[in-house]
Structure formats: structure tokens, C-alpha cells
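Q: This is a predicted model, with the sequence first.
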Amino acid sequence: MKNTEMWEYFYLMNVIIGITFGYCIFLKVALKRRSLKENMLYFCLTVPVLTLVYISWGNVLEQFIEITLLYLIYRKRPKDHQTLGRLLIIGSISYMVESLMVLITFSFGIEHSIAQMLFFDIVAYMVIYLTSMKTPIIRPLDRENGKVYFGLMVYIYMTFLGINYMVYFIKSEMVAFLILMLFLIKSI
């Protein structure tokens, strides 16, 4: 197998695994439960579409379509801020981890290898899972003032969407370094 073919195969597997893990994490925190058969049918119908969208237009559009589809299928009522909030939390964490990984590799000139990408992906999925399952980040959506928290999640999601867009489409080392510095300054 040629090196470029190996990268393409790895990239495709990486996308499919990412969509699968995102779906599994959402199923753990979803309020509305579906049967295993319905879940598998949804998964089998959407993964090829989401994979093609990701490969053609990137993560930004793929995640938006994925959140929209999951919301339409798993919402409990026509305007369900709890389900959409859960999706936005998972999406925000995913964008944050992916943006940080790209920023670190651009800022410090780290070469991409299959082993590094696999390591970054495993770390990313662990962070997303642990953050969404082991911290109280989702509980405020179920409280009395859940709509205020939902508004905050929309803001955070849109912020990370913008950062992710800049990181992936501008691909400038200076911009990547500036965004990384803003993250560090904001966290202090």
C-alpha cells in the first residue's frame, strides 16, 4: 500500500470512528431513548452521509448536520433545549479538543504521523467522554434555570465553531499561535 493510500484509508477510518464515538457518547447522555434497532438504523443511514460531508466540506459542516439530525430524532418535544444543549456541549468539547490539537501541531511544528494522529484521537475521545459523563456539565440543563445555561452553551458552541473554522480554513501558523495564546491568557 502506498503512503498516500495508507493516509487516505487512515483518514477515512478516523472519520468513521469519530462519528461513531460521538454518537455513542450522545446516546449515554440522551434523555429520549430509542430501541437498539432504531439506533442501529439511524447509525447505518447517517454514517455514510456524514463521512462524505466531512471529507468534502470538513468538520464544521459535518458536525452541524450531525447535531441537527440527532436533535430531530431524539428530541422529546418540538422545542427541547435539554436535548439540543446536550448536543451542543458534546459538540463544543469536540471542537475545543480538535482545535487545540491542530493549534498545538501548527504552533510547535509537530509533523503529522499516523501514530500521533491516533494518539491525539484517543486522547480526544477520552476527554470528551470523561467531560460529558464524569463532570456535572450536563446537569444544569435539567434544572429550573436550564434555558439560561442552554443560552450559555449556544454561545460557547458558536465561539468554538468560529475558532475551529479559523484553525482549519486559514491554516496560518501565526493565526494558530495567536489563538493558542488567547486560550492561554483567557484561562489565566
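A: Everything's here; your move.

Q: Who are the packing partners of the one helix or strand residue 69 maps to?
A: Element membership for residue 69 (DSSP states H and E) is helix 59-74. Applying 3 or more CB pairs under 8 Å, 6 or more residues apart in numbering; DSSP states H and E, we find helix 59-74 packed against helix 3-29, helix 36-57, helix 81-107, helix 146-170. C-betas here are computed from N, CA, C, even on glycine.

Q: if we go to 7 Å?
A: Where contact means 3 or more CB pairs under 7 Å, 6 or more residues apart in numbering; DSSP states H and E, helix 59-74 is packed against helix 36-57, helix 81-107, helix 146-170.

Q: can you give me the mean pLDDT across that helix?
A: When pLDDT is averaged over helix 59-74, the result is 83.

Q: among the helices and strands of this protein, which one scores worst on average pLDDT?
A: Here the helix or strand of the chain ranked lowest by mean pLDDT, DSSP states H and E is helix 173-187, holding a mean of 64.

Q: For the residue most central in space within the chain, give its distance to residue 71.
A: For the chain, the residue nearest the mean C-alpha position is residue 94 (3.1 Å; CA atoms, centre = their mean). According to CB to CB, to the nearest Å, residue 94 and residue 71 sit 15 Å apart.

Q: With residue 78 instead?
A: According to CB to CB, residue 78 and residue 71 sit 11 Å apart.

Q: Which one of these two is surrounded by more residues?
A: For residue 78 and residue 71, the more surrounded residue by other CB atoms under 10 Å is residue 71, and the numbers stand at 15 against 5.

Q: Report the buried residues of stretch 9-19.
A: 14, 15, 18, 19 (16 or more other CB atoms under 10 Å).

Q: now the residue nearest to the centre of the chain: how far from residue 155?
A: 17 Å.

Q: next one: residue 37
A: Distance, residue 37 to residue 155, by CB to CB: 37 Å.

Q: With neighbour numbers in mind, choose between the two.
A: The neighbour count for residue 37 versus residue 155, taken as other CB under 10 Å, is higher for residue 155 (12 against 8).

Q: Tell me where the chain is predicted with low confidence.
A: The chain contains residues with pLDDT under 70 at 1-4, 7, 99-100, 102-116, 167-177, 179-181, 183-188.

Q: let's see 50
A: In the predicted model of the chain, residues 1 satisfy pLDDT under 50.

Q: Wait, the residue nearest to the centre of the chain touches residue 125, no?
A: No. Taking CB atoms under 7 Å as the definition, residue 94 is not a contact partner of residue 125, at 9.1 Å.

Q: residues touching the closest residue to residue 97 other than its chain neighbours, list them.
A: For residue 97, ignoring the flanking residues on the chain, the nearest one in space by CB to CB, 6 or more residues apart in numbering is residue 124 at 4.3 Å. Residues in contact with residue 124 (CB atoms under 7 Å, 6 or more residues apart in numbering) are 97, 98, 101.
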